[in-house]
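*Asks:* Have a look at this prediction, sequence included:
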Amino acid sequence: MNHQDDPGDQGYCLGRLAAVGLDAEGTVTSWSDEAAALLEQPAASVLGHPFLRLLIATPGDPAPSALPASGIVRLRQGAAGEVAVCLRLIALEPPARGSVLLLAPAGAAREWGHAVSLLRAIMRQESLGFGIHGDDLRVQLTNLTAGGPHTAPVAPGDRLQDYLPAPDAAAVEAVFSEVLRTGEPVLRHRQRTRSRVTPEHHWVFSLSAFRLEDADGRPTGVAAMVRDITEEERVQRDRELLHRAALRIGPSLRPDRIARALADVIVEGFADYASVDLYEPVLLGDSAPTDRQGGRTRFVRAAAARAAGPWPEQLLQVGAPYPALPDSPALRRLQHGETLVLDRGQVESALGDPGLTRTMVPAAATSLAVAPLIAGGGVLGSVSAWRTADSDRFDAGEGELLTEIASRAAIGVENARRFTREHQAAAVLRERLLPPTLTDTPAAETAGAYRSADSGTGVSGDWFDVIELPSMRTAFVIGDVIGHDLAAAATMGRLRTAIQTYADLELEPSEILARAEQLVARMAAEAGPEQWDTVGATCLCAVYDPTTCTCVLASAGHPSPLLIGPDGTTRILDLPHNPPLSAGGTPFLSATVDMAPGSVLAMYTDGLLRTPEFRSGWDWQRVQDELGAGMREHRPLRKWCDGLMPAPTEATLSDDVAILLARTRRVDPGDVSHWEFRADPASVADARTLAERQLADWHLEHLAFTAELVISELITNAIRYAEGPVSLRLIRGRALICEVGDDSNTQPRLIRAAETDEGGRGLYIVAQCTSRWGCRYGQKGKTIWTELPLSGEEDRAPHLVPS
């Protein structure tokens, strides 16, 4: 008889029970050897005596008068000891009289109870498979008697090969045999096996096993727990695949390289074959068709990869054009953005031609997933993944994964296509570096004009710019870079961008030129010693404030502008002389000019002085007379530019010409309020009160709460850091502008305070309550400004004096 027939003494109840016979009065009539061992009392010392005298009463309770039917009690052990036992009193039926008392150590009884509870709990688990296998590895006990989503029902006596495929059963049997031999447990062993329920799919389970032993330490079998981790493995694989795809596809800006990276990623654990086909013009930077009609598009195989070995020769090779495919429902679905999951039979039916099948379908392939590459509204191509009979067939979930990978790849291909297109168009874009010729801001309406010298390239280094600034201000910039070639255009582009950035930082015009000077010096150093003297520029920068009708101007070797008053009077502004942007070492000086509303500021490059008109007798007085007449006749600024610029039919120009005219405006004084306060915390309440009153006058009561909160935060900060008075200015325009000024140059910093911080939230609150905010510095102190949108009146124009 083996262990399966007789479990023997494995340390549980039958081998540890002690039996005692009692008569009707409770006198001991029989005493087993187990009882003598448990209580260390020989039979002679207890036979004929009441068993009750061995029972020890609980302290504080009276002596027991009868034995309990069951429970845990304390009995006398040996001469002076005691032992806790679990007892059960079983009455005998007549004609026998008396009873049988069963005793067991209390600790062993508890252990048996826990063991039974644990086994019952494990057997009830639905997501955890459990089984006990004998030393011959046959099933003795299992909770898989009904089978599972991947396994057939398991019955006691079954061998592993009865419910697992033979190769997988052998692998699991080897694990069990090793556990049985060594006693070393196996934890979370990953086992992949083909499903007995759906043989076309595999499933993965986590296996843990440990050896079972009897009370003497002899091996009796193996206990095993299994958990289906197929979905977990799939999620992890999908996540890793997406990560690899992002890493491989992201860095490249060439469509063909992205296609190759995509094919390589697909065959790394997802498919056995992969190919990427792209619309041919996409490789050249052209847009993909948006009608999604595959019959009129030209596709080429951009990349192909195989998990094991080279790409088969009989299949369509990389670089080869796509053959004409017959119209089919599957192809139309793909063209309209749908990912397809098909078996081989469906693919062959869609192709309808054995020769086409040999060219397009790998010989061993059994399943196909194909996803379109769609970006910018057009079909860029498609990515195809094939699996052979050794792999699971694609399912809908894997089709969705391929769709996600394809969407990311499509973005990469589209970006690469655009890069190619933009690279090819770089020469054309260099001619379009100038801003719109007409602009309209709260500070001014402007008109600009430009004509390049005939240098054979059509590009040069002259430029003008109109930069709208916070607090309704506007910057006007005009400049002239040395040279008339592509290098001059590149220098101009860098310089213009830098000045825009400096202006956005709300620097003073003199400071803008100082920083531009540093950039020009850096570009000269980059040009090398042989060409450093070819890098330089002149520039005129002006910032106009329509609330004060003042304009701050600074020139770096540039011709001074003309100012035409509303009455037509014209004068050349006398600005401080500063060197061009190349000499270096000299601080830039600026001038402040009052400008009546409706005045025109005329800025130009020195090429205007070299036009045929000037060579044929024009002089500055004539120019001033022409500009004054334009003002008095209320000509549009566009016509002013046309009158000053050389006609398109004129002879070649010796220098580029750029003109910028700005007709200034003034914000209605009723839309501006200004107050000054002492640097006293009590001033915060005064500021709120005045602001609330002003907002009521402007019918902006709905902004009062937010505006007061912003004003409180800004003035509180100003009082904290400033030494002198604090100013508050409100401007009603397209937005409500709140400005708080102080004499401190402390840099405001926006931070995200921690939950335990007691401060640091002021600017964060301001930023959350406003559409935008910023800070600018003056000769002394700084101004922090914010903008609050006018709800329901976002497009409201400021009250301006007509030009």
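*Replies:* Thanks, I have it.

*Asks:* looking at the protein, which helix or strand does the model trust least?
*Replies:* helix 426-430 (a mean of 51; mean pLDDT, DSSP states H and E).

*Asks:* how about the helices in the stretch 251-400 of the chain?
*Replies:* Assigned by DSSP state H, counting those that start in this stretch, the stretch 251-400 of the chain shows helices spanning 255-266, 329-335, 344-351, 354-360, 396-424.

*Asks:* for the stretch 401-550 of the chain, which spans come out with low pLDDT?
*Replies:* Applying pLDDT under 70 to the stretch 401-550 of the chain flags residues 422-433, 454-460, 485-486, 529-534.

*Asks:* which residue ranges form the strands in it?
*Replies:* Assigned by DSSP state E, counting those that start in this stretch, the strands in the stretch 401-550 of the chain fall at 438-440, 444-451, 462-468, 474-481, 537-545, 550-556.

*Asks:* so which of those gets nearest residue 722?
*Replies:* Comparison of the strands of the stretch 401-550 of the chain against residue 722 by Cβ to Cβ identifies strand 537-545 as nearest, at 22.3 Å. C-beta here means a position set from N, CA and C on the backbone, and glycine is covered the same way.

*Asks:* Remind me what that closest one packs against, helices and strands.
*Replies:* Other helices and strands packing on strand 537-545, by 3 or more Cβ pairs under 8 Å, 6 or more residues apart in numbering; DSSP states H and E, are strand 474-481, helix 486-504, helix 509-527, strand 550-556, strand 600-604.

*Asks:* What pairs with it, parallel or antiparallel?
*Replies:* strand 474-481 (antiparallel), strand 550-556 (antiparallel) (DSSP bridges).

*Asks:* Please identify the most buried of those.
*Replies:* Among the strands paired with strand 537-545, strand 474-481 has the highest mean neighbour count (mean count of other Cβ atoms under 10 Å), at a mean of 27.

*Asks:* okay if I get the strands of the stretch 401-550 of the chain as a markdown table plus distance to residue 175?
*Replies:* Listed next are the strands of the stretch 401-550 of the chain as a markdown table, based on distance: least, Cβ to Cβ, whole Å:
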| stretch | distance to residue 175 |
| --- | --- |
| strand 438-440 | 78 |
| strand 444-451 | 81 |
| strand 462-468 | 74 |
| strand 474-481 | 77 |
| strand 537-545 | 78 |
| strand 550-556 | 82 |
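
*Asks:* got a list of contacts for the helix or strand where residue 763 lies?
*Replies:* Assessed by DSSP states H and E, residue 763 sits inside helix 762-769. Residues outside helix 762-769 that contact it (Cβ atoms under 8 Å, 6 or more residues apart in numbering): 706, 709-710, 713-714, 716-717, 748-753, 773, 786, 788.

*Asks:* which one of these has the most neighbours?
*Replies:* For the contacts of helix 762-769, the largest number of neighbours (other Cβ atoms under 10 Å) sits with residue 714, at 28 neighbours.

*Asks:* my guess is that residue meets residue 740, correct?
*Replies:* Yes - between residue 714 and residue 740 there is a contact at 4.0 Å, judged by Cβ atoms under 8 Å.

*Asks:* Which residues are in contact with each of these two?
*Replies:* Contacts common to residue 714 and residue 740, judged by Cβ under 8 Å, 6+ apart, are residue 784.

*Asks:* closest one to residue 79 among the strands of the stretch 401-550 of the chain?
*Replies:* Comparing these by Cβ to Cβ, strand 462-468 comes nearest, at 106.0 Å.

*Asks:* chain center to the closest one: distance?
*Replies:* 36 Å (Cα atoms, centre = their mean, to the nearest Å).

*Asks:* Can you give the contact residues for it?
*Replies:* Counting by Cβ under 8 Å, 6+ apart, 433-435, 439, 441, 443, 446, 448, 450, 452, 474-481, 492, 495-496, 499-500, 503-504, 603, 605, 607, 656-660, 662 sit against strand 462-468.
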